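> I'll drop the sequence and a predicted model, then ask my questions.
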Amino acid sequence: MKIERYKYKGLGFPIYLENVDAYKFDGDIHPIIDIRTISDWAIRFLIVKNEMLTGDHIRFIRKYFSFTVMEFAKEIKVPEETIEGWELCGDFPTNISTVMNMKIQNYIFDRLLKKDN
């Protein structure tokens with residue numbers, strides 16, 4: 001069976017998937033999804049996202065690259081408290097500057113480029 005439109009919330013923010021294969025078990029419908037593929041797609045989407053990153057996006061980025069708050073803070077050269085504050089924004093945009101937002105997007109791009117090579 002197929003689900004025409006499925007809202008996946010497992011990354012900390014919603015991702016809408018279309019035409020998802022699914023199966024029925026005990027009366028419930030369960031989507032068949034590859035979480036790694038969705039995560040890889042989502043991280044690439046955040047590189048080109050025009051809106052400001054949300055706290056949930058920051059947390060996802062940090063966890064995608066397997067960083068603690070301290071490690072991620074060192075990577076992008078901000079205090080740990082800044083990362084914690086951004087993440088507390090949840091699904092709302094952070095108070096991040098446009099320049100820092102672009103710096104994080106560039107960081108993602110550079111990390112993925114190095115990973116692919």
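Thanks, I have it.
> Could you list the buried residues of the longest helix anywhere in the chain?
Longest helix in the chain by number of residues, with DSSP state H as the criterion: helix 98-116. For helix 98-116, a neighbour-count test (16 or more other Cβ atoms under 10 Å) marks 100, 101, 104, 105, 107, 108, 112 as buried. The C-beta positions use only the backbone N, C-alpha and C, and glycine is treated the same way.
> go on, stretch 30-41?
33, 39.
> List the residues that contact the spatially closest residue to residue 79 that is not a sequence neighbour.
Among residues not flanking residue 79 along the chain, residue 73 sits closest, at 6.2 Å (Cβ to Cβ, 6 or more residues apart in numbering). Residues in contact with residue 73 (Cβ atoms under 8 Å, 6 or more residues apart in numbering) are 79, 80, 82, 83.
> With residue 107 as the reference, measure out to residue 73.
Distance, residue 73 to residue 107, by Cβ to Cβ, to the nearest Å: 12 Å.
> Remind me which helix or strand the residue nearest to residue 79 belongs to.
helix 69-76 (DSSP states H and E).
> ditto for residue 16
Applying DSSP H and E, one finds residue 16 within strand 15-25.
> For the helix or strand just after that strand, name the packing helices and strands.
Toward the C-terminus, strand 15-25 is succeeded by strand 28-31 as the next helix or strand (DSSP H and E). Strand 28-31 sits against strand 2-8, strand 15-25, with contacts defined as 3 or more Cβ pairs under 8 Å, 6 or more residues apart in numbering; DSSP states H and E.
> I'm done for today, thanks for sticking with me.
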